[in-house]
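**Q** Predicted coordinates and the sequence they were generated for:
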Amino acid sequence: MIEHDCIFCRIVAGQSPSIPLYEDELTKAFMDINPVACGHALVISKLHAETILDIPAPVLAAVGATAQRIARAVDTALHPDGISIVQSNGPGAAQSVSHFHMHVLPRSFYDDLPMNWRLTPGERKVIEEAARTIRTALEI
C-alpha cells in the first residue's frame, strides 16, 4: 500500500527521486540524501509499514537480506573500518521517516557518530524482572 504523505512510498512509486542502489520485489535500497558518512545507504520495504512492530515477518526478512547485500557492497567498494546497521522505531528512538527502513552506515574509527554506548553493568534484579515481564508478553 502506498501512503502518499510518505516520502519512501513516493520513492517506491517513482513519484520522488532517489539515487538507487538495488531493488527487488519487496525492497529498495538507495543513498541517503542526508548522509552521516560517505556511502550511507537506506534499505526500505516496498510495503508501507511504520515500524518493526507493523512489518510482516517475510518482508522484514527481505529487508534484512537486502541490508546484508548492501553492506557487503559498501564494504567491498569503500573499505570502511566497520559498518553499523541502524533501525529505529518511533519518535523516542528518533525514527525520522515513519516507514520501516534500515540505515547501512560505513564507519571509521574516528567518525564520532554518537551511537555507541559505554558498557555499564546493570542491576541483576532489575534485568531479571524485565526479562520476566518480556517472557510473559511473549506468551500472549
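**A** Sure thing, it's come through.
**Q** SS state for the residue located most distally from the centre of the chain?
**A** With C-alpha atoms, centre = their mean as the measure, the chain has its most outlying C-alpha, relative to the mean C-alpha position, at residue 125: 31.4 Å. Following DSSP: H, G, I helix; E, B strand; the rest coil, the label given to residue 125 is helix.
**Q** next one: residue 96
**A** From three-state DSSP, the assignment for residue 96 is coil.
**Q** what number of residues lie near the residue nearest to residue 113 when sequence neighbours are not counted?
**A** Setting aside the residues directly before and after it, residue 113 is nearest to residue 36 in space (C-beta to C-beta, 6 or more residues apart in numbering), at 6.0 Å. In this view, the C-beta of every residue, glycine as well, is placed from N, C-alpha and C. By other C-beta atoms under 10 Å, the residues close to residue 36 number 16.
**Q** what do you get for the one 3 residues further on?
**A** Residue 39: 19 surrounding residues under other C-beta under 10 Å.
**Q** Was I right to think it contacts residue 75?
**A** No. Contact criterion C-beta atoms under 8 Å: residue 39 and residue 75 do not qualify, at 9.5 Å.
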